[in-house]
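In: With the input below, show me the fold.
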Amino acid sequence: MSQVLRARRLLTGQGWLDDHQLRIERGVITAIEPIPAGVNVREAEQLCPAYIDIHVHGGAGVDVMDDAPDVLDRLAMHKAREGVGAFLPTTVTAPLEAIHGALRRIARRCHAGGPGAQVLGSYLEGPYFTPQNKGAHPPELFRALDLAELDALIAVSQNTLRVVALAPEKAHALKAIHHLSQKGICVMLGHSAATYAQTLAAFDAGAAGLVHCYNGMTGLHHREPGMVGAGLTDPRAWLELIADGHHVHPGAMRLCCCCAKDRTVLITDAMQAAGMPDGRYTLCGENVEMLGGVVRTASGGLAGSTLALDAAVRHMVEHTGVPAEDAIHMASLHPARLLGMDHLLGSLAPGKRANIIALDAGLHLRQIWLQGQALSL
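Out: Residues are numbered from 1 along each chain as shown. All right, here's what the predicted structure looks like:
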């Protein structure tokens with residue numbers, strides 16, 4: 001059944017088009033064309049590609065590690081209500097058996113589908129880190145890198161594992177990076193004390209970028225540029241960014257845009273407290289507390305975020321001055337490119353899935369269509 005959506009402005013990968021419409025057939029965009037003369041109705045002020053959150057641990061009171069039947073359905077609906085059309089449920093450092101269980105559940109949801117945002121696969125964050133910048137990850141559960149163990153994780157995920165995060169200074173890290181990248185899995189670097197040189201060596205081995213840039217890694221110093229310096233200056237590196245104003249100072253957000261505007265990927269790193277009231281929650285098996293929307297461990301460290309991806313886009317425009325289209329690309333086209341899925345997702349173009357959002361002039365979500373179907377918000 002054919003469908004037409006019209007907008008005063010429509011964002012493509014090349015920029016804005018005024019007074020254009022989308023034609024949709026069977027969940028796929030078939031044409032983008034000017035609105036015919038005399039047609040005055042517009043479904044939206046601005047039509048844009050739905051967002052893609054590649055790094056999210058939970059929200060709406062659920063955690064990706066929870067072994068309950070409706071966890072991923074509830075999370076997928078929560079993500080859709082912030083304009084996310086597709087996402088990667090993200091694990092945390094835990095006993096290997098618990099990680100295997102989460103990967104199996106994500107694989108089943110990935111293949112079976114369900115309500116809300118599409119599950120594209122899984123993101124393994126931990127246990128291959130080092131203690132110096134551990135964040136909320138329990139260092140006693142960190143593990144050595146072993147190719148056979150990594151292959152077992154891929155098998156358990158039924159080949160839906162899309163991203164593996166690790167610390168590049170660990171023994172056998174470069175061999176693991178090469179091995180995973182040869183299998184088409186993105187390797188992101190983080191929760192690490194790696195030097196600038198070690199980080200560049202990891203990029204040489206095939207690593208794709210940095211886990212939540214600035215957080216959980218060696219910072220920028222003029223005599224040791226660290227992981228941050230390597231990521232900002234290496235044109236091969238994608239940079240995940242938590243643009244909530246707490247994890248990264250607006251000035252550092254601007255620096256990221258100055259150095260890597262076309263390589264920035266907005267993420268939420270959201271945990272179960274996202275979309276919930278202040279109070280006590282858990283992350284990595286530990287009690288954490290949310291106060292004023294900020295989640296901290298008992299020792300005062302940041303413990304994931306409660307950020308929504310549509311808010312991250314607005315923050316980028318407000319705090320860095322980038323045009324709206326650039327901020328939207330950071331949450332749509334860039335993550336699709338990082339995952340190698342930009343032929344299907346991430347921008348509005350004929351042949352791509354009709355994952356579309358309607359935004360008002362202030363970039364607030366008004367409607368979302370998932371494969372051409374409007375979702376009740």
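
In: pull the longest helix from the protein.
Out: Counting by DSSP state H, the longest helix found in the chain is helix 96-112.

In: what helices or strands is it leaning on?
Out: helix 71-80, strand 84-89, strand 118-119, strand 122-125, helix 147-156 (3 or more CB pairs under 8 Å, 6 or more residues apart in numbering; DSSP states H and E). Yep, even glycine has a C-beta here, placed from its N, CA and C like the rest.

In: Mind checking these for the one nearest to residue 288?
Out: Across the helices and strands packed on helix 96-112, residue 288 has its closest neighbour in strand 122-125 (16.0 Å, CB to CB).

In: Averaged pLDDT, the closest one. What do you get?
Out: Strand 122-125 shows a mean pLDDT of 98.

In: could you dump that strand to PDB, C-alpha only?
Out: What follows is strand 122-125, C-alpha atoms only, in PDB (Å, rounded to 0.1, in the frame of the first residue of the first chain):
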ATOM      1  CA  SER A 122      24.500  -6.400  20.400                       C
ATOM      2  CA  TYR A 123      27.300  -4.300  21.700                       C
ATOM      3  CA  LEU A 124      29.700  -6.000  24.200                       C
ATOM      4  CA  GLU A 125      31.100  -3.400  26.600                       C
END
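
In: now the helices for this structure?
Out: Using DSSP H, the helices of the chain run over residues 71-80, 96-112, 147-156, 173-182, 196-205, 226-233, 250-260, 309-320, 324-330, 333-338.

In: which one of those helices lies closest to residue 361?
Out: Checking the helices of the chain against residue 361 by CB to CB gives helix 324-330 as the closest, at 9.3 Å.

In: that older thread, now for the helices and strands packed on helix 96-112, which one comes closest to residue 298?
Out: The nearest among those, by CB to CB, is strand 122-125 at 20.7 Å.

In: Now do that closest one: which elements does it pack against?
Out: Using 3+ CB pairs under 8 Å, 6+ apart: strand 122-125 touches strand 51-56, strand 84-89, helix 96-112, strand 161-166.

In: So which bits of that strand are buried?
Out: Along strand 122-125, these residues count as buried under the neighbour rule (16 or more other CB atoms under 10 Å): 122-125.

In: check contacts around the spatially closest residue to residue 146 that is not a sequence neighbour.
Out: Residue nearest to residue 146 in three dimensions, not counting chain neighbours: residue 172, with 7.5 Å by CB to CB, 6 or more residues apart in numbering. The contact partners of residue 172, by CB atoms under 8 Å, 6 or more residues apart in numbering, come to 144-147.

In: Mind checking which of the residues you listed are buried?
Out: Buried, going by 16+ other CB under 10 Å: residue 145, out of the contacts of residue 172.

In: List just the nearest of the contacts of residue 172 to residue 194.
Out: Out of the contacts of residue 172, the member with the shortest distance to residue 194 (by CB to CB) is residue 145, at 13.6 Å.

In: Wait, that closest one touches residue 173, no?
Out: Yes - using CB atoms under 8 Å, residue 145 and residue 173 qualify as a contacting pair, with a distance of 5.9 Å.

In: residues bridging contact with these two, i.e. touching both?
Out: 128, 166.

In: Nearest residue to the middle of this structure?
Out: Nearest to the geometric centre of the chain sits residue 54, at 2.5 Å (CA atoms, centre = their mean).

In: For residue 188, see how far away it is.
Out: 9 Å (CB to CB, to the nearest Å).

In: list the residues that contact both of these two?
Out: Common neighbours of residue 54 and residue 188 (CB under 8 Å, 6+ apart) are 163, 240.

In: Buried residues, stretch 73-92. List them.
Out: For stretch 73-92, using 16+ other CB under 10 Å, the buried residues are 74-92.

In: ditto for stretch 113-129
Out: 116-129.

In: that older thread, out of the helices and strands packed on helix 96-112, which gets nearest to residue 310?
Out: strand 84-89 (8.2 Å).

In: ok, that closest one: who's next to it in the sheet?
Out: The partner list of strand 84-89 in its sheet, established with DSSP bridges, is strand 51-56 (parallel), strand 118-119 (parallel).

In: Those strands into a markdown table, with extra columns for distance to residue 305 and mean pLDDT?
Out: Output for the strands paired with strand 84-89, formatted as a markdown table (distance: least, CB to CB, whole Å; pLDDT from 0 to 100):
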| stretch | distance to residue 305 | mean pLDDT |
| --- | --- | --- |
| strand 51-56 | 9 | 98 |
| strand 118-119 | 20 | 98 |
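
In: Reformat those strands as JSON lines; add distance to residue 63.
Out: Formatted as JSON lines, the strands paired with strand 84-89 follow (distance: least, CB to CB, whole Å):
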{"stretch": "strand 51-56", "distance to residue 63": "11"}
{"stretch": "strand 118-119", "distance to residue 63": "15"}
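
In: mind checking which of those strands is nearest residue 324?
Out: Closest among the strands paired with strand 84-89, once you apply CB to CB, is strand 51-56, at 13.2 Å.

In: Just give me how far that closest one sits from the chain centre.
Out: 3 Å (CA atoms, centre = their mean, to the nearest Å).

In: And for stretch 9-25?
Out: 24 Å.

In: which of the residues in that stretch are buried?
Out: So stretch 9-25, judged by 16+ other CB under 10 Å, has buried residues 9-13, 16-17, 20-24.

In: go on, stretch 166-183?
Out: So for stretch 166-183, counting by 16+ other CB under 10 Å, buried means 166-170, 173-174, 176-181.
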